[in-house]
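Trainee: Turn this into a model:
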Amino acid sequence: MSPASFVAQWRVPRLQAALLATFLSLSGCEGRWTPEPEDVCVGTDCGTPEPPAPAPEGSVRIAAFNVQRLFDTVCDSGACGGNNYEALPTPSEFGLQADRLASAISRLEADVVLLAEVETQASLDALTDRLPRFGYSELGETGAPASVDVAVLSVHPITQVRGHRDRELWRPDGTSTRFARELLEVHLDVEGKKVIVFSAHFRSKSSDDPGRRFAEAAAARDIVADVARASPEALVVLGGDLNDVPGSEPINALERDGALLRVSSDRPDSETWTYAFYGDLQAIDHLYLARGGGTYVPGSFRAARDPRGGYGGSDHAAVYADFLPAP
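Mentor: Below you'll find the predicted structure:
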């Protein structure tokens with residue numbers, strides 16, 4: 001019996017679920033295994049969250065959203081569909097997923113959206129075709145078959161793109177590693193003002209390698225802080241699915257020395273969670289402001305969720321906040 005078939009036939013309490021997640025990871029499954037919630041919307045009528053408050057004049061609304069495995073209709077790995085890691089949706093299934101995600105993204109009323117788990121350019125194009133307001137986009141493609149990559153959508157022109165996945169990182173035990181996905185750096189021209197965003201998706205906890213996630217966080221902090229120092233006039237924001245919660249070693253590494261501000265820190269914990277694991281509400285999707293040429297609009301951070309879990313069909317909430325570029 002395959003690991004996925006085993007999971008499909010049993011509902012288990014939280015402790016057994018954790019053991020199953022370990023079993024799946026040891027069986028070669030990549031990514032994070034997500035248990036099916038007891039009450040989850042699976043149709044198209046999933047309800048609409050409360051609309052976001054209007055953004056202040058002159059501000060930029062930046063969102064981060066893990067869209068959950070937006071695989072296209074082409075099999076790149078040679079092992080697709082069924083119990084395999086790479087999903088192989090039919091054209092109608094793919095279109096429905098893209099429709100729901102695009103509708104959800106539109107409701108955020110964001111100017112820039114940092115995406116995670118976008119497989120290919122075709123996946124990203126399916127979103128941009130449905131979101132004509134976002135005239136600019138960039139995919140952080142790693143080139144691996146069936147990779148789930150980061151991306152950026154923007155209503156403002158993209159002026160420069162850099163990747164950082166080739167950078168050597170160091171775990172606390174002294175061993176070297178790399179970013180699990182691209183750390184995508186995108187420069188934007190926002191009505192003559194410079195905005196730089198980083199779209200990130202750190203190592204998942206499936207077959208956990210916390211040292212790698214710590215190395216990603218420490219390196220991302222240094223990279224983002226260096227870019228902010230080199231462009232003191234720019235608004236610099238890092239966001240994405242960082243796969244860890246406030247107070248964890250990776251998140252503490254990001255926040256060390258106060259170089260990066262986690263903007264959700266001014267909101268109650270009850271409002272900032274983005275992912276539910278058998279009732280354990282976890283804030284693992286984040287937005288960070290680098291010290292420098294822009295400011296966060298206090299109290300503007302929000303997590304957007306559908307009434308019955310996740311957002312737009314994803315198992316993650318989307319997060320967004322408003323920022324003011326330097327005058």
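Trainee: Tell me, please, where in the chain the pLDDT is lower than the cut-off.
Mentor: Within the chain, the ranges that satisfy pLDDT under 70 run 1-50.
Trainee: Quick one: list the elements packing against whichever strand in it runs longest.
Mentor: Of all the segments assigned as strand in the chain under DSSP state E, the longest by residue count is strand 60-70. Packing partners of strand 60-70 (3 or more Cβ pairs under 8 Å, 6 or more residues apart in numbering; DSSP states H and E): helix 91-107, strand 112-118, helix 121-130, strand 193-201, strand 235-241, strand 285-290, strand 318-324. Any C-beta I mention is one placed from the backbone N, CA and C, and that applies to glycine too.
Trainee: Make TSV out of those and add mean neighbour count and distance to residue 210.
Mentor: Supplementary listing: the helices and strands packed on strand 60-70 in TSV, determined by neighbours: other Cβ atoms under 10 Å; distance: least, Cβ to Cβ, whole Å:
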stretch	mean neighbour count	distance to residue 210
helix 91-107	18	30
strand 112-118	28	19
helix 121-130	18	29
strand 193-201	26	16
strand 235-241	28	16
strand 285-290	25	17
strand 318-324	26	22
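Trainee: Which stretches in the chain count as helices?
Mentor: Ranges of helices in the chain, per DSSP state H, are 3-8, 14-26, 91-107, 121-130, 210-230, 249-255, 269-272.
Trainee: got the angle between the fifth one and strand 235-241?
Mentor: Counting by axes from the mean of the first three to the mean of the last three Cα atoms, to 10 degrees, helix 210-230 points 160 degrees away from the direction of strand 235-241.
Trainee: Does residue 243 touch residue 208 like I think?
Mentor: No: shown here, residue 243 and residue 208 do not form a contact pair, counting by Cβ atoms under 8 Å, at 9.4 Å.
Trainee: Tell me how many other residues surround residue 249.
Mentor: Burial of residue 249 is recorded as 14 neighbouring residues (other Cβ atoms under 10 Å).
Trainee: Residue 135: what's it in contact with?
Mentor: Contacts of residue 135 were listed using Cβ atoms under 8 Å, 6 or more residues apart in numbering, and they are 154-155.
Trainee: could I get the helices and strands packed on strand 60-70 as CSV with distance to residue 172?
Mentor: Below are the helices and strands packed on strand 60-70 laid out as CSV (distance: least, Cβ to Cβ, whole Å):
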stretch, distance to residue 172
helix 91-107, 36
strand 112-118, 25
helix 121-130, 35
strand 193-201, 19
strand 235-241, 21
strand 285-290, 21
strand 318-324, 28
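Trainee: Nearest to residue 279, out of these?
Mentor: Using Cβ to Cβ as the measure, strand 285-290 is the one of these that comes nearest residue 279, at 18.2 Å.
Trainee: distance between the closest one and the chain's centre?
Mentor: Between the centre of strand 285-290 and the centre of its chain there are 11 Å (Cα atoms, centre = their mean, to the nearest Å).
Trainee: ok, now stretch 71-78?
Mentor: For stretch 71-78, the distance to the chain centre is 21 Å (Cα atoms, centre = their mean).
Trainee: right, and the helices and strands packed on strand 60-70 - which one's nearest residue 73?
Mentor: Judged by Cβ to Cβ, the one of the helices and strands packed on strand 60-70 that comes nearest to residue 73 is helix 91-107, at 5.3 Å.
Trainee: when you compare where that closest one runs with where strand 60-70 runs, what's the angle?
Mentor: Using the same axes, to 10 degrees: helix 91-107 against strand 60-70 is 160 degrees.
Trainee: Keeping just the C-alphas, turn helix 91-107 into PDB.
Mentor: Output in PDB follows, covering the C-alpha atoms of helix 91-107 (Å, rounded to 0.1, in the frame of the first residue of the first chain):
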ATOM      1  CA  PRO A  91      -7.700  21.400 -17.900                       C
ATOM      2  CA  SER A  92     -11.100  22.000 -16.200                       C
ATOM      3  CA  GLU A  93      -9.700  21.200 -12.800                       C
ATOM      4  CA  PHE A  94      -6.700  23.500 -13.400                       C
ATOM      5  CA  GLY A  95      -9.000  26.300 -14.700                       C
ATOM      6  CA  LEU A  96     -11.200  26.000 -11.600                       C
ATOM      7  CA  GLN A  97      -8.200  26.200  -9.300                       C
ATOM      8  CA  ALA A  98      -6.800  29.200 -11.100                       C
ATOM      9  CA  ASP A  99     -10.300  30.900 -11.100                       C
ATOM     10  CA  ARG A 100     -10.600  30.500  -7.300                       C
ATOM     11  CA  LEU A 101      -7.100  31.700  -6.600                       C
ATOM     12  CA  ALA A 102      -7.400  34.700  -8.900                       C
ATOM     13  CA  SER A 103     -10.700  35.800  -7.400                       C
ATOM     14  CA  ALA A 104      -9.200  35.500  -3.900                       C
ATOM     15  CA  ILE A 105      -6.100  37.500  -4.900                       C
ATOM     16  CA  SER A 106      -8.200  40.200  -6.500                       C
ATOM     17  CA  ARG A 107     -10.200  40.600  -3.200                       C
END
